[in-house]
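Have a look at this prediction, sequence included:
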Amino acid sequence: MKRWWRLRTIDNLWSQFVKAKYCPISNMVSKVISPNNSNIWRSLLKIRLQAEQHIKWEINKGKVLFWWDNWPDQGPVAPRVWLERKLGSITVQNFINNNNLNMNSLERVITNDLIQGVMDTEIGERQLPDKSIWTPTTNGNFTCSSAWQIVRQKQDVDLLAKMIWAKGTPFKISFFMWRLLRKKLPLDDRILSLGIQTDSNCNCCREQLPEKVDHVFTTSLFAMRIWNQMATPLGISHQGNSVQGALDCWWRVQPNNQVHKHILLITPCYILWQLWRARCDKRLLFLKDSTK
């Protein structure tokens, strides 16, 4: 989109070359894509429609295209008028007389319902070049950030992702939470689901039960002891029998202030992180479980 903006608004060697090569007898705004066009030109034409919708022209000298450029307040004239042929080379200056638009000339090419809107367009200083305005920004200058907001495909906010990637949470814990909630941790139940045979035993409890996500992080005796030790002083009743349930017990509590909100947000993530560390220490380093 930035290249199209520069092509339309800046007169330099590159823009002159592109116009001479691809639009020697036509205008680039109405140019049709051809199978023989180069990849660079095809990519420019693909973004053309989105870019042109946000380029507004202030008339001074009147060199902008009468039919295809966005200079009236209602938008380009061409889509709103039916003519067998709309000459792309006609500019606004062909319809200006004494620093005003000539109504008689306009009546020959556009309908009466459009004339008033076109006549309301202000004409500036004729000795100055026409001014291009990038409408998404307040100052009219093109920015890559504003162009990104136009071309990006926005999706609904994922509240769960918003919680685990909250500001102030260390990246390693946020990344761990992302893996945990998407079942990407190398626990025994995950390994078995891939068809890899293993002797599945939970290292965090004495029952020697199969190692599963919910068992390791919420329902084992060791995990429940940790959750209760952290939740009870804050008046939270830990009743979750799954990771999502444990998180809900904390995140659905109404906070009293911003500090309390941050504690409710980040504490369950730290608990899950420490439970994962304890599991790895016991299995890989043969260390003893500790609730400290």
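Right, received. Where do you want to start?

now what about the helix or strand that residue 20 is a member of, what contacts it?
Per DSSP states H and E, residue 20 falls inside helix 13-22. Contact with helix 13-22 is made by 6-7, 28, 31, 37, 41, 44, as judged by Cβ atoms under 8 Å, 6 or more residues apart in numbering. From N, CA and C alone the C-beta is placed, and that goes for glycine too.

Around residue 177, count how many other residues there are.
23 (other Cβ atoms under 10 Å).

That one belongs to a helix, doesn't it?
Yes - Residue 177 sits within a helix when classified using DSSP: H, G, I helix; E, B strand; the rest coil.

Could you identify the pair within the contacts of helix 13-22 that is furthest apart?
Distance extremes for the contacts of helix 13-22: the farthest pair is 6 and 37 at 18.8 Å, using Cβ to Cβ.

immediately after the lowest-mean-pLDDT helix or strand in the chain, which helix or strand?
Between all helices and strands in the chain, the lowest mean by mean pLDDT, DSSP states H and E belongs to helix 112-119, at a mean of 80. Proceeding N to C from helix 112-119, the next assigned helix or strand is strand 131-134, under DSSP H and E.

Pull out the buried residues from the following helix or strand past that next one.
Per DSSP H and E, the first helix or strand lying C-terminal to strand 131-134 is helix 144-151. Applying a neighbour-count criterion of 16 or more other Cβ atoms under 10 Å, the buried positions in helix 144-151 are 146-147.

Setting aside sequence neighbours, what's the nearest residue to residue 239?
residue 249 (6.3 Å; Cβ to Cβ, 6 or more residues apart in numbering).

Quick one: neighbours of the one you found, just the number.
That count, for residue 249 with other Cβ under 10 Å as the rule, works out to 17.

Equivalent analysis for residue 263, please.
Count around residue 263 with other Cβ under 10 Å applied: 14.

Show the contacting residues for it.
residue 234.

in what helix or strand does it lie?
Going by DSSP H and E, residue 263 is in helix 258-284.

Could you tell me the average pLDDT over that helix, please?
Averaged across helix 258-284, the pLDDT comes to 90.

Pull the number of nearby residues for residue 103.
Residues within reach of residue 103, counting by other Cβ under 10 Å, total 13.

Then the one 10 residues further on?
Here the neighbour count serves as a burial measure; for residue 113 (other Cβ under 10 Å) it reads 8.

Next: residue 257.
Neighbours of residue 257 using other Cβ under 10 Å come to 8.

From residue 167, how far out is it?
Noted for residue 257: a distance of 16 Å to residue 167, by Cβ to Cβ, to the nearest Å.

ok, now which ones touch residue 251?
163, 264-265, 268.

So which of those residues wins on neighbours?
residue 268 (25 neighbours).

Which pLDDT value does the model give residue 29?
For residue 29, the predicted pLDDT is 85.

Check residue 244 too.
With respect to pLDDT, residue 244 has a value of 88.

tally of neighbours for it?
When counting by other Cβ under 10 Å, one arrives at 12 neighbours for residue 244.

Residue 126 now?
The burial count for residue 126: 13, using other Cβ under 10 Å.

before we move on, the earlier item: sort out which residues of the least confident helix or strand of the chain are buried, please.
114, 118.

again with stretch 99-112
101, 106, 109-110.

same question, stretch 43-51
Buried residues in stretch 43-51, counted by 16+ other Cβ under 10 Å: 44-45, 47-48, 51.

Stretch 278-288 now?
278-279, 282.

Repeat that for stretch 69-77.
For stretch 69-77, by 16+ other Cβ under 10 Å, it's 69-72, 76-77.

So which of these is the closest to residue 194?
Nearest member of the buried residues of stretch 69-77 to residue 194, counting by Cβ to Cβ, is residue 70, at 55.7 Å.

What's the local residue count around residue 259?
So residue 259, with other Cβ under 10 Å, has 9 neighbours.

my read is the residue nearest to residue 239 is in a helix, agree?
Yes - if the criterion is three-state DSSP, then residue 249 is within a helix.

This completes my enquiry, with thanks.
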